[in-house]
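S.K.: Prediction below, plus the sequence it came from.
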Amino acid sequence: MAVKKEMDLIVGEMNLKNSKGEEGENWITEVVESFGWNVIKFDWWQSSADRLFYKEGKSILAQIKHKEPRIRYPDTGLERQRFLKFKEMINTSGIRGVILFTDSTGDIYGEYADLLKDEPHGGEYNSKNGVDMIYFWLKDLKILKNLI
């Protein structure tokens, strides 16, 4: 019985996380479309990019994250493996890529992947789930309207 209860909690937490992520992706999609871009949403199984933005002969791949900046550091980030797969997709496709973040404020900020610095910030190993992370200083990220 205790195992089932624990599994129910884990599944519930995953559904909440996925719901939050989807909410952030939809919010960013709406804002990007309001800037006149067309948006293609990739299926859930595509772990490299979440969206393709395009207009007037330009295309941009986007990795979108809905998460709060870290409390102890003025930064935010994502799973290192996801970042590396995204960069691989960018290099293979020849399409420039941007990583965008949103949080509970509704602000949207990010940077093009080729301009992001891969440097240690501290705490790159997420002990909750055993995943290596990559973080970017908030001061190095731009608000959306200055990116696209």
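M.R.: Done, it's in.

S.K.: which residue sits closest to Phe83, ignoring its sequence neighbours?
M.R.: Nearest residue to Phe83, sequence neighbours excluded (CB to CB, 6 or more residues apart in numbering): Ile134, at 5.0 Å. Glycine gets a C-beta too; all of them are placed from N, C-alpha and C.

S.K.: give the contact list for that neighbour.
M.R.: Residues counted as contacts of Ile134 (CB atoms under 8 Å, 6 or more residues apart in numbering) are Gly77, Leu78, Glu79, Arg80, Phe83, Asp118, Glu124.

S.K.: Mind giving me the ChimeraX select for these, buried ones only?
M.R.: In ChimeraX syntax, the buried subset of these is picked out as below (16 or more other CB atoms under 10 Å):
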select :77,78,79,80,83
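
S.K.: Adding distance to Ala62 and secondary structure, write the contacts of Ile134 out as TSV.
M.R.: TSV is the format used below for these (distance: CB to CB, whole Å; DSSP: H, G, I helix; E, B strand; the rest coil):
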residue	distance to Ala62	secondary structure
Gly77	16	strand
Leu78	12	strand
Glu79	16	strand
Arg80	18	helix
Phe83	13	helix
Asp118	19	coil
Glu124	23	coil
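
S.K.: Report the helix or strand with the lowest average pLDDT across the protein.
M.R.: The helix or strand of the chain with the lowest confidence, counting by mean pLDDT, DSSP states H and E, is helix 2-34 at a mean of 67.
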